[in-house]
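A.B. asks: Pasted the sequence and its predicted model underneath.
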Amino acid sequence: MRRGRCIGILQPVYLPWIGYFEQIDYVDHFVFQDDVQYTKNDWRNRNRICTKSGPTWLIVPVKRDGLSTRLHETRIDYGRNWARKQILTVRQAYSSSPYIDPVIAMLESAFDARPDRLTDLTIPLIEQLAGHLSIAGTFSRASDIPRAPDADLTGRLLEIAKAHAATDLYLGAKGIAYVDTQFLGQNGVAVTFQNFIHPTYKQHGADFQSHMSMLDYIANVGPAGVRQWLDTLPKFGSAP
């Protein structure tokens, strides 16, 4: 029996890894936590794909608007021709893949739109990739939910959960270190942390490279193959 309504809450990431999409597929609704402070040298504006010579970075340059800049306020720097180079890099990396053309079309369309804000690039791409994988989820942004001035991290999670009538949260594994599950439980919200086992699949090179962008998994096994793998994983409310 389903225990209620489960939501996932994660910061938006540029072309996320496989585990990010497992979280989206697990929950009833997914919230992009876009109202936190932007962090440099993180996954918010970059990710990796696997080329014939090994992993390489795909990076969206951002403008330096100050350390207190919120993620949803962070602006893209179009001063360099990085978008065209990224398309070429992806094409070359997966030139033999029969599955990459629709993904490249998504990237080209997103780049052509030239959104000003980083999250207006990363979030639509995540939503499109989820649809490409037949993930029938719904999405929203935390920045649309009022925030109490004194809300700490766990308090903010509770605000988001209450705004979406959630009885359960499904959070990333690192949240174990800083989320007050007792406080959330006392306020009617149960927490489950992701316990993810990374799949292996045929890839460039002799040694498998895990934690690549989902682009790598799609390029190597196709969207149907990814969907088949997702269907083997538990979902919220399913029998243990």
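C.D. replies: Now that the structure is in, tell me what you want to look at. Just so you know, these numbers come straight off a predicted model, no measurement behind them.
A.B. asks: Verify the contact between Thr200 and Phe208 for me.
C.D. replies: Yes. At 5.2 Å, Thr200 counts as touching Phe208 under the criterion of Cβ atoms under 8 Å. C-betas here are computed from N, CA, C, even on glycine.
A.B. asks: Of these two, give the one with the bigger neighbour count.
C.D. replies: The neighbour comparison of Thr200 against Phe208 (other Cβ atoms under 10 Å) goes to Phe208, with 14 against 8.
A.B. asks: Tell me the confidence at the more buried one?
C.D. replies: Listed pLDDT for Phe208 reads 93.
A.B. asks: wait, isn't it in contact with His198?
C.D. replies: No. In this structure Phe208 lies outside contact range of His198 using Cβ under 8 Å: 9.2 Å.
A.B. asks: which phi and psi does Pro55 have?
C.D. replies: The phi/psi pair for Pro55 (degrees, to the nearest 10) reads phi -60, psi 140.
A.B. asks: no no, Ser134
C.D. replies: When quoted as degrees, to the nearest 10, the phi and psi of Ser134 stand at phi 60, psi 40.
A.B. asks: before we move on, what about Leu58?
C.D. replies: Backbone torsions for Leu58, taken as degrees, to the nearest 10, come to phi -110, psi 120.
A.B. asks: Okay, it and Leu121: tell me how far apart.
C.D. replies: According to Cβ to Cβ, to the nearest Å, Leu58 stands 12 Å off from Leu121.
A.B. asks: Return every residue with contacts to both of the two.
C.D. replies: Counting by Cβ atoms under 8 Å, 6 or more residues apart in numbering, the residues touching both Leu58 and Leu121 are Tyr14.
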